[in-house]
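sharing a model that was predicted from the sequence below.
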Amino acid sequence: MYQLDEISFIYLGLIIPVLFLVFLIFRRWQKKSIRKYFDINTIKFLSPEISNSKPLLKFIIISIALLMLVISLVNPKIGTELKTVKREGVDIVFAIDVSKSMLAEDIAPNRIIKSKRIVSELFNNLGSDRVGIIAYASTAIPVLPITTDFSSARMFLESLNTDMLSSQGTSIAEAINLSKNYFNDENQTNRVLCVISDGEDHEIQNNNLSDIARESGITIISIGVGSPNGAPIPIKENDIVKSYKKDDKGEVVITKLNENILKDMAIQTGGIYFKGDNTSSVVSSIVEELKEMDKQEFESKQFVSFKDQFQWFLFVGLFLIILDVVVFERKTYWLDKLNLFNENEKV
């Protein structure tokens, strides 16, 4: 098994066929000039030591040297050994509210972007923990299963928006019930659901939600985004506010942060509630909470340990450059007898 460390340098190898073309054009011009101005017998008499094959040999040597140097820049790595890695951590699923109320701008720049920033910063600070993502409004959908691939997690996180679910409203209970499918290992000691929302649950009463949270067997960490005073929900076109969402009576809807519902379900499961105003403060607090939890060994996999191999190609390249310096263009008689390049033929 192998891998290339700096594959972009491989394009430098394209200079070799260009040099070869220039070499052929030059040699053709050189031969034509000789035939035009000199007799072949005269040249052999005046310069008996000139070899017709040595320039080609020297070019081949320097071309291979350049190729070796390019490969050394690419730095090929070869797998040399297998290692078993055991990872310990906490499985944490992020349930992110994508209802229209998350467009309110009472927290800059708006609630949903703030939510994604908090989760993204958490990804940057998590160690060997595994993460998953759920998006919910009146229903909940799985976005990313439990994984250690934080690059994929960031990509799916950025794709979240308030238009991904056609049915609007907010049902945190749907997110909690869906998260149970993420924790399918009975040996897991810690199952953490991080709910990020403005807490406006239109589908269920506060007391019932606390019961669902408590019965889930999942530790819930909740993060409230928004302000208790609330804000209208903007309707934008090309990032310009055209109007605000209105109710059936034609009055502007004011969406407010409901901290009580978020606090209650966190307390019922032994979790904790955070107000998401300060991103760095929330992230550091959650990371500290996760550190206090017992770590479960959740993965044991084998991977190949790669070692650099560039030094071999560098050595060969430098050796060939030195060889090119010591190889002269005059004839080598033992090589001339072999006639490898048909140099004994007339020019």
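The structure has been received and is ready for your questions.

contacting residues around stretch 61-68?
13, 15-16, 19-20, 313-314, 316-318, 320-321, 323-324, 327 (C-beta atoms under 8 Å, 6 or more residues apart in numbering). Glycine gets a C-beta too; all of them are placed from N, C-alpha and C.

what about 7 Å?
Stretch 61-68 has contacts (C-beta atoms under 7 Å, 6 or more residues apart in numbering) with 13, 16, 19-20, 313, 316-317, 320-321, 323-324, 327.

of those, buried ones?
313, 316-317, 320, 324 (16 or more other C-beta atoms under 10 Å).

if we can go back for a sec, as CSV, the contacts of stretch 61-68 with secondary structure, pLDDT and distance to Ala65 would be great.
Listed next are the contacts of stretch 61-68 as CSV, based on DSSP: H, G, I helix; E, B strand; the rest coil; pLDDT from 0 to 100; distance: C-beta to C-beta, whole Å:
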residue, secondary structure, pLDDT, distance to Ala65
Gly13, helix, 84, 12
Ile16, helix, 88, 10
Leu19, helix, 88, 12
Phe20, helix, 89, 14
Phe313, helix, 85, 10
Val316, helix, 89, 8
Gly317, helix, 86, 5
Leu320, helix, 86, 4
Ile321, helix, 86, 5
Leu323, helix, 83, 8
Asp324, helix, 79, 7
Val327, coil, 71, 12
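
tally of neighbours for Asp277?
As a burial measure, Asp277 scores 14 neighbours (other C-beta atoms under 10 Å).

check Thr139 too.
16.

which positions in stretch 118-135 come out as buried?
In stretch 118-135, counting by 16+ other C-beta under 10 Å, buried: 118-123, 126, 129-135.

ranges for the strands of this structure?
2-4, 76-89, 91-97, 130-136, 140-147, 191-197, 219-224, 231-232, 234-237, 240-244, 254-255, 272-275, 296-308 (DSSP state E).

to Leu262, which of those strands lies closest?
For the strands of the chain, the distance to Leu262 is smallest for strand 219-224, at 4.0 Å, taking C-beta to C-beta.

touching that closest one from outside, list them.
In contact with strand 219-224 (C-beta under 7 Å, 6+ apart) are residues 118, 190-196, 198-199, 213, 257, 259, 262, 265-266, 269-276, 282, 286, 289.

what's the mean pLDDT across that strand?
The average of the pLDDT scores along strand 219-224 is 92.

the inter-axis angle of that strand versus strand 191-197?
Interaxial angle, strand 219-224 versus strand 191-197 (axes from the mean of the first three to the mean of the last three C-alpha atoms, to 10 degrees): 20 degrees.

got the angle for strand 219-224 vs strand 91-97?
Using the same axes, to 10 degrees: strand 219-224 against strand 91-97 is 30 degrees.

what's the burial count for the nearest residue to Asn110 once chain neighbours are set aside?
Closest residue to Asn110 in three dimensions, ignoring its sequence neighbours and counting by C-beta to C-beta, 6 or more residues apart in numbering: Leu103, at 5.5 Å. Leu103: 21 surrounding residues under other C-beta under 10 Å.

against Ser115, how distant is Leu103?
11 Å (C-beta to C-beta, to the nearest Å).

got a list of what Ile148 touches?
Actually, residue 148 is Thr. It isn't Ile. Arg130.

so where do the helices sit in the chain?
15-37, 40-46, 54-74, 111-125, 150-158, 172-179, 206-215, 259-268, 279-292, 310-326, 333-338 (DSSP state H).
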